[in-house]
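Engineer: Next come a sequence and a model predicted from it.
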Amino acid sequence: MTSTVHSRALPPPSDSDTDSDTSPTAARSDCLRHTDLSDTIFRSYIEISGRESPDLAKIQSFLTSSRSGALSCLICLERIRPSDPTWSCTSRCFAVFHLLCIQSWARQSTDLAAARAASRLPISAAKAAEDSLWNCPKCRTEYSKTLIPKRYLCFCKKLEDPPNDPWILPHSCGEICDRPLKNNCGHFCLLLCHPGPCPSCPKLVKARCFCGTVEEVRRCGFKNFSCNGVCSKPLDCGTHRCGETCHDDQCPPCRARGVYRCQCGKVEEERECFNRNFMCGAPCERLLGCGKHFCSRGCHSGECGDCPLQGKRTCPCGKREYGGMACDVQVPVCGATCNKMLSCGFHRCPERCHRGPCIETCRIVVTKSCRCRSLKKEVPCYQDLVCERKCQRMRDCGRHACKRRCCDGDCPPCSEVCDRRLRCKNHKCPSPCHRGACAPCPVMVTISCACGETHYEVPCGTEKDQKPPKCPKQCPITPLCRHASNCKPHRCHYGACPPCRLVCDEEYFCGHKCKLRCHGPKPPANPEFTLKPKKKKSNHRSEYIPGSPCPPCPELVWRSCVGEHIGAERMMVCSDKAKFSCNNLCGNLIGCGNHYCTKTCHALKSSSSSLGQHESGEACEECDLPCHKEREPACSHPCPLPCHPGECPPCKVLIKRSCHCGAMVHVFECLYYNSLPEKKQMTVRSCGGPCHKKLPYCTHLCPETCHPGQCPTPEKCSKKVTVRCGCQTLKKEWLCHDVQASYCKAGTDPKDIPKSQFGLGLIPCNSDCKSKARVVEITLQHRKPIISEHKEPEAENHVPKRRKRRERPKETKQVSGLQKIMTSMQRLLLVVCLVLVLAAAAYFGYKGLLCLSDWMNEVEIQRERRRHPRI
């Protein structure tokens, strides 16, 4: 069947057509009409509606597939011919199958479902077979066994064995469909017998919006509409009205907020109107009719009722009945056995009549069997018995064992994925593991032309045997060559576009243009529908290769030498990359930037040629002279680098400078120290601690922070000094500058006073000092040793007392020769003992290391044995 596409003028749409039946599909296809079967089938519908509906897309897709021979059965994946008996699903998918294929599929599905139900449910095989169901292979809609197709009917189910007439749609009767339309509007389908769902009803009816405010004349299939106004329907509360936009279905709950009381009236809360009836959660606690007890129920409405303890009452076990007792008197226990049924449902409570619940778990020991009846054991009644035996029965799929622990025989369905390859050979079955054949692949492959305007769907697995549809549109593929705006348009096609016939005119890097026929790239062909190219013999050799780059530029140009010297150019072909040297001196600046190259003309590295390309060549000579530049800031250290361009690197040499007091040495970088001004240099050299210099006029140190130059005001030292009389009996504390002033008055320079005698004799002695001096003098005369006639030189008088004390034992002590020998022997013995101890330590340490190494090797061997046990 062939079809042509033409356009015709349509009557303008009425005002009622501007509703929800408009869609991009209808807008795009409002000017397209099928002249053969489509025009015949859709004529009645279009005459009433005045336009096409998006509901016709399913029928149009079927027509396209039928014309192209792409209509295939999902079960056998074979092509459905116009003469083959068929059956179509009338529930959701409206897929078409071979009649024999769907009958075989339905019988296998019902037999498998019946066998599964008979094995699982306590019903007979006949009953299971009668109630079994089968599914549509595509949409999985369930059908009963009585609905297994037995006859070949047309699409509208009115004609049995429809004839194969080339002038009507295959598998149809050619009459009006006349099936009831959806939504039970009371109208019938106006199309000719067709596959797929019937379109929406095109009749014009009066309809109201969802809220009932606006009434309009609309299409019956789209009569449910919203007026976009406020709904204003009364809500369930009966007080407020709906404030939503006109909508379908029930109105939402009332969200108006207010203050409401709970059911018992104790608590007031602000709540939404739909949640106004609530319970506060507190007990009621209202006095009951007896006047003695309070209501123990939760928050509730209405009366609390009578006291539950009034009237006849029984003991806790219910065996003895008491009447006429007051409600506030507790019922006594009867003393008999409780005998209430326990939670297990088999045993009774053995306790005496008692208040409160009986024991929760029955602990009577009974003999129980596990679920699979393979283990019997005495256990407490409340405890379930489960063995460790795994069920080895095969599940419904017949491929996997149950493997459930202590199975009772009712094995669950197999939880594994089937994962068998479907007949399409592209996908695997995603269903749970099952018996019998897998369901057909539900994937539908869309086959379309290059632009996608003309397309149809075929079952997965049959797309390789189909042919793409012919499209009357122009090819939407943009040429990839530079003549896209000048190429002649052509029809939509499959495969590669025809080659461009224009001159290339592509510009080279050099600025010239290619004068060959266009040889730019061609857009790739669609890989699914590429046709085999027809081989044609050509009598002449092609000047170009499609998609090949332009040949080298054949123009003649002037080219300079490799050193790019002026006046040494030659005439050469533009694409010729040959280089030549003019044998002159190079004369370029070398790397240091201070001297020039003296080599013969040569190609430079990273130098720009006349074509603007970077070429690699021989490097200019390197400068091996040292750097003689003056550094900034000026310093005495020379630049460590050889001759180089640019400024010298900053001097990083470390220089030492002591602090002003001489207690610390600072290390500075030469650059940092020399870049500082003179005052800043004096500041950074200070150690920040006390000066530590001795003052010139006293024995004290300078209290100022480390500073340059002489210590300030040494004559104004304010530290305390102990001043004594000549016999050192009297003593006082004076300030240091007062002591210096006293020495100056006495005509003595404070610098000449020793440290041990500083402040001595400045206080006159009194009478007590004289008597004490006499006693001391007499005592000293009695103790005074014979004075040696040898006098020490005057230079030794100035030796400090501590040194004299250390040297005094050395001068007086006399060592004999025997003592020297004994001392030498002791030292020798100590050295020998020390050597022996070191040798023993080395020996035993070496032995210990060997033992430790052996132990670590054994541990490693044992670890390897555990990791790789012998088989």
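Structural biologist: On my side now, so go ahead.
Engineer: hey, let's count contacts and neighbours off CA atoms from now on
Structural biologist: OK.
Engineer: Check what pLDDT the spatially most central residue of the chain gets.
Structural biologist: Central residue of the chain (CA atoms, centre = their mean): Pro430, 28.7 Å from the mean position. Pro430 is assigned 84 on the pLDDT scale.
Engineer: could you pull out the helices for the stretch 201-350 of the chain?
Structural biologist: Counting by DSSP state H, counting those that start in this stretch, the stretch 201-350 of the chain has no helices to list.
Engineer: mind listing what Pro696 touches?
Structural biologist: Pro714, Lys751 (CA atoms under 8 Å, 6 or more residues apart in numbering).
Engineer: one step back: what kind of secondary structure is the residue nearest to the centre of the chain in?
Structural biologist: When classified by DSSP: H, G, I helix; E, B strand; the rest coil, Pro430 comes out as coil.
Engineer: what's near enough to touch it?
Structural biologist: Val417, Cys418, Asp419.
Engineer: again, but for Leu375
Structural biologist: So Leu375 contacts Ser369, Cys387 (CA under 8 Å, 6+ apart).
Engineer: Same question for Trp558.
Structural biologist: Counting by CA under 8 Å, 6+ apart, Trp558 has contacts Glu569, Arg570, Met571, Met572.
Engineer: Quick check: mean pLDDT of the one helix or strand Leu829 maps to?
Structural biologist: With elements taken from DSSP states H and E, the one containing Leu829 is helix 817-867. What helix 817-867 shows for mean pLDDT is 89.
Engineer: cool, stretch 652-659 as well?
Structural biologist: Per-residue scores along stretch 652-659 average to 85.
Engineer: Leu153: how many residues sit nearby?
Structural biologist: Leu153 is flanked by 21 other residues according to other CA atoms under 10 Å.
Engineer: Wait, it touches Trp87, no?
Structural biologist: Yes. Counting by CA atoms under 8 Å, Trp87 is a contact partner of Leu153 at 7.3 Å.
Engineer: quick one: which helix or strand includes the closest residue to Asn594 other than its chain neighbours?
Structural biologist: Take Asn594 and drop its neighbours on the chain: the residue closest to it by CA to CA, 6 or more residues apart in numbering is Pro645, 7.0 Å away. Under the criterion DSSP H and E, no helix or strand holds Pro645.
Engineer: What segments of the stretch 501-650 of the chain are strands?
Structural biologist: 556-559, 570-573, 607-608, 614-615 (DSSP state E, counting those that start in this stretch).
Engineer: Compute the first-to-last residue distance for stretch 603-617.
Structural biologist: Stretch 603-617 has an end-to-end distance of 5 Å (CA to CA, to the nearest Å).
Engineer: Quick check: Leu654 vs His666, distance?
Structural biologist: Applying CA to CA to Leu654 and His666 gives a distance of 10 Å.
Engineer: before we move on, what about His519?
Structural biologist: For His519, the distance to His666 - CA to CA - is 78 Å.
Engineer: now Leu56
Structural biologist: Distance from Leu56 to His666, by CA to CA: 97 Å.
Engineer: With Ala114 instead?
Structural biologist: 102 Å.
Engineer: Please identify which of the two sits among more neighbours.
Structural biologist: Just comparing Ala114 and His666: by other CA under 10 Å the higher neighbour count belongs to Ala114, 22 against 14.
Engineer: The more buried one: which element?
Structural biologist: With DSSP H and E as the criterion, Ala114 is inside helix 99-120.
Engineer: Buried residues, that helix. List them.
Structural biologist: 99-100, 102-103, 105-106, 109-114, 116-118 (16 or more other CA atoms under 10 Å).
Engineer: following that helix, which helix or strand comes up?
Structural biologist: Downstream of helix 99-120 (by DSSP H and E), the next one is helix 125-131.
Engineer: Please state the offset of that following helix from the chain centre?
Structural biologist: 54 Å (CA atoms, centre = their mean, to the nearest Å).
Engineer: That helix packs against which elements?
Structural biologist: helix 99-120 (3 or more CA pairs under 8 Å, 6 or more residues apart in numbering; DSSP states H and E).
Engineer: Great, nothing more from me.
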